[in-house]
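*Asks:* based on what follows, work out the 3D shape:
(one chain, ligands or ions: 2)
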Amino acid sequence: MSNDNGTSAIQRRGLMLVLSSPSGAGKTTLSRQLLDNDNQIQLSVSCTTRQKRPGERDGVDYRFVDTSTFRGMIERKEFLEYAEVFGNYYGTPRAPVDEALAAGRDVLFDIDWQGTQQLRDKGRADLVTVFILPPSTRDLEKRLLTRAQDPKEIVAQRMAKAADEMSHWPEYDYVLVNSDIATSLSNLKAILTSERLKRERQVGMSGFVKALREGR
Ligand SMILES: Nc1ncnc2c1ncn2[C@@H]1O[C@H](COP(=O)(O)OP(=O)(O)OP(=O)(O)O)[C@@H](O)[C@H]1O
Ligand SMILES: Nc1nc2c(ncn2[C@@H]2O[C@H](COP(=O)(O)O)[C@@H](O)[C@H]2O)c(=O)[nH]1
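*Replies:* Ligands and ions are numbered 1, 2, ... in the order given. Prediction:
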């Protein structure tokens, strides 16, 4: 695994980049753009019991499962975290995350504050958390309506929860106000780059410096 500061083949530990926000602030949009721009990070595909939206693909956007399948996965401890959000279950399958991190790859999570708290409670050293805020409540509602993928009553339900969800912003390492998507993407990439360059994540650095000091 190489890092991004010009030194190649220096091994580093993978990190877990978590994005949370009130529904409609732009997590999914930002995640897709980040994944398109960065080949060292992969999406954690969650399981959910909610209905598939038009255009969503099973196994790509989510794994769509029924409630009894989800409960079975809880019992078998197959989730790294799970929560009930807007009346449906959502959970992060554990195995793909463990595999990616072990291979030194980064994992991107689009999960709510409850799931983030569970990961934090497990003391995951590789956690980097980002909360995304909309520029205004009006913009948030406009985004949910123009996304045009949920019925009006679902949009109203999500708007009713937004204030509660936004109260969790101080629990996160970074906070972005997603006004302009290009600026937000650039800020997110800056966070990722800085976090990757942290000394403790560059586990191959000691060997590299040793070789340098020996004149190799
Ligand atoms: N900076 C932005 N400016 C204008 N529109 C945006 C911006 N970011 C996202 N959007 C639009 O807002 C809508 C909601 O975005 P998105 O689906 O990414 O939100 P989300 O936070 O993932 O929501 P959810 O939690 O419901 O999955 C989409 O139609 C998207 O194109
Ligand atoms: N705790 C978890 N929350 C999750 C997970 N996957 C998605 N989510 C969050 O649910 C809401 C609603 O998502 P939507 O796709 O129905 O709009 C949103 O806040 C997601 O971040 C998960 O695995 N665990």
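
*Asks:* surely L133 touches H168?
*Replies:* No: using Cβ atoms under 8 Å, L133 makes no contact with H168, being 10.9 Å away. To be clear about C-beta, it is placed using only N, CA and C from the backbone, and glycine gets the same treatment.

*Asks:* mutual contacts of these two, please.
*Replies:* Residues touching both L133 and H168 (Cβ atoms under 8 Å, 6 or more residues apart in numbering): there are none.

*Asks:* sketch out the low-pLDDT regions of this structure for me.
*Replies:* Scanning the chain for pLDDT under 70 picks out 1-8.

*Asks:* distance of the residue nearest the centre of the chain from ligand 2?
*Replies:* Against the mean C-alpha coordinate of the chain, by Cα atoms, centre = their mean, the closest residue is F109 at 2.2 Å. For F109, the distance to ligand 2 equals 7 Å [Cβ to the nearest ligand atom, to the nearest Å].

*Asks:* could you do I111 as well?
*Replies:* Counting by Cβ to the nearest ligand atom, the gap from I111 to ligand 2 is 4 Å.

*Asks:* so who does that residue touch?
*Replies:* Listed by Cβ under 8 Å, 6+ apart, the contact set of I111 reads V18, L19, S20, S44, S46, E81, A83, Y90, T92.

*Asks:* now those residues in CSV, with secondary structure?
*Replies:* CSV is the format used below for the contacts of I111 (DSSP: H, G, I helix; E, B strand; the rest coil):
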residue, secondary structure
V18, strand
L19, strand
S20, strand
S44, coil
S46, coil
E81, strand
A83, strand
Y90, strand
T92, strand
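
*Asks:* name the member of those residues with the most neighbours.
*Replies:* Highest neighbour count within the contacts of I111: V18, with 27 neighbours (other Cβ atoms under 10 Å).

*Asks:* what ranges do the helices span in this protein?
*Replies:* 27-37, 67-75, 94-102, 113-121, 137-147, 152-166, 181-196, 205-213 (DSSP state H).

*Asks:* report the buried residues of the second one.
*Replies:* Residues F70, M73 are the ones in helix 67-75 that count as buried (16 or more other Cβ atoms under 10 Å).

*Asks:* near ligand 2 at all, it?
*Replies:* No: residues of helix 67-75 are not located near ligand 2 by Cβ under 6 Å from any ligand atom, the shortest gap being 10.7 Å.

*Asks:* ditto for the fourth one
*Replies:* Yes: contact of helix 113-121 with ligand 2 (Cβ under 6 Å from any ligand atom) involves Q114, G115.

*Asks:* so what does that helix touch, helix or strand wise?
*Replies:* Judged by 3 or more Cβ pairs under 8 Å, 6 or more residues apart in numbering; DSSP states H and E, the packing partners of helix 113-121 are strand 16-20, strand 79-85, strand 88-93, strand 127-133.
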